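Colleague: below are the sequence and a predicted model for it; my questions follow.
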Amino acid sequence: MSVIVAAAAVLSAAALALSGCAGGTGSPTDSPSSSASASTSASPRPTGTSTAVPVEGQCVTSNLVGTIASGGGGAAGSVEVTLVLTNNGTAECKLQGWPGVSFVGDNNGTQLGKAADFDRSTPHPTVTLAPGGTAQAGLRITNALNYSSADCAPQQADGFRVYPPGSKESLFVKDNTVTACTNPAAPTLLQVTALTAP
């Protein structure tokens with residue numbers, strides 16, 4: 001009889017331990033975060049996390065500068081540009097994964113439309129950036145004018161909010177030649193590859 005009681009106590013303790021482990025969702029909360037840009041917007045972080053945790057030697061977002069360079073052309077109805085992140089720090093640092101990218105506008109960093117989808121067909125090696133070094137990602141931008149005004153609700157953007165992989169801080173990349181769809185039902189206009197060495 002004491003063996004049965006002891007076994008029941010062990011099973012009960014194990015069940016309690018497992019329920020404690022399963023109590024949380026284990027996923028981070030997408031709360032508004034500080035920005036490395038001059039933006040004071042409390043807009044939400046683009047959906048999707050590029051890298052769950054920073055890599056060892058992760059680049060500090062405030063040491064990165066983002067620019068848009070010409071890319072590989074693009075398919076009909078879209079253009080492909082290159083998002084370039086430059087290490088302006090004094091020490092080498094690393095990036096690995098997909099940056100979070102979204103259109104921003106209204107001259108205050110308000111997110112316009114949906115964040116970029118990740119092109120997970122691309123390799124995602126760890127990239128080491130020496131001081132002055134760069135990492136780059138392909139950014140496909142679908143033309144907002146492919147959709148009717150009612151379906152898209154187009155608005156000229158001020159540029160992009162970019163979250164480096166593994167970071168909860170963002171930077172602003174100016175590009176006022178792009179147009180976003182602000183209708184919440186509109187499709188995603190952006191797709192980004194993982195960062196790679198140039």
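Modeller: Good, I have the coordinates.
Colleague: any idea how far residue 62 is from residue 179?
Modeller: According to C-beta to C-beta, to the nearest Å, residue 179 and residue 62 sit 29 Å apart. Just so you know, the C-beta spots here come from the backbone N, C-alpha and C atoms, and that holds for glycine as well.
Colleague: of these two, give the one with the bigger neighbour count.
Modeller: More neighbours surround residue 179 than the other of residue 179 and residue 62, with 20 against 15 (other C-beta atoms under 10 Å).
Colleague: touching, that one and residue 156? I think so.
Modeller: Yes. Between residue 179 and residue 156 there is a contact under C-beta atoms under 8 Å: 5.5 Å.
Colleague: ok, how many other residues are close to residue 72?
Modeller: Neighbour tally, residue 72, other C-beta under 10 Å: 10.
Colleague: packing partners of the helix or strand hosting it?
Modeller: Per DSSP states H and E: residue 72 is located in strand 64-73. Here strand 64-73 touches strand 78-87, strand 134-142, strand 159-163, strand 171-174, going by 3 or more C-beta pairs under 8 Å, 6 or more residues apart in numbering; DSSP states H and E.
Colleague: nearest to residue 194, out of these?
Modeller: With C-beta to C-beta, the closest approach to residue 194 among the helices and strands packed on strand 64-73 belongs to strand 134-142: 6.4 Å.
Colleague: distance between that closest one and the chain's centre?
Modeller: 12 Å (C-alpha atoms, centre = their mean, to the nearest Å).
Colleague: ditto for stretch 104-112
Modeller: So, by C-alpha atoms, centre = their mean, the centroid of stretch 104-112 is 16 Å from its chain's centroid.
Colleague: for it, buried residues please.
Modeller: Buried positions in stretch 104-112, judged by neighbour count with 16 or more other C-beta atoms under 10 Å: 104, 105, 109, 110, 111, 112.
Colleague: CA atoms of it as CSV?
Modeller: Extracted C-alpha coordinates of stretch 104-112, given in CSV (Å, rounded to 0.1, in the frame of the first residue of the first chain):
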residue,chain,number,x,y,z
VAL,A,104,6.8,54.1,-42.2
GLY,A,105,5.2,57.4,-42.9
ASP,A,106,3.3,60.5,-41.7
ASN,A,107,6.6,62.1,-40.9
ASN,A,108,6.6,60.4,-37.4
GLY,A,109,7.5,56.8,-38.0
THR,A,110,4.0,55.4,-38.1
GLN,A,111,4.0,51.9,-39.7
LEU,A,112,2.2,51.8,-43.0
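Colleague: alright, I will stop here.
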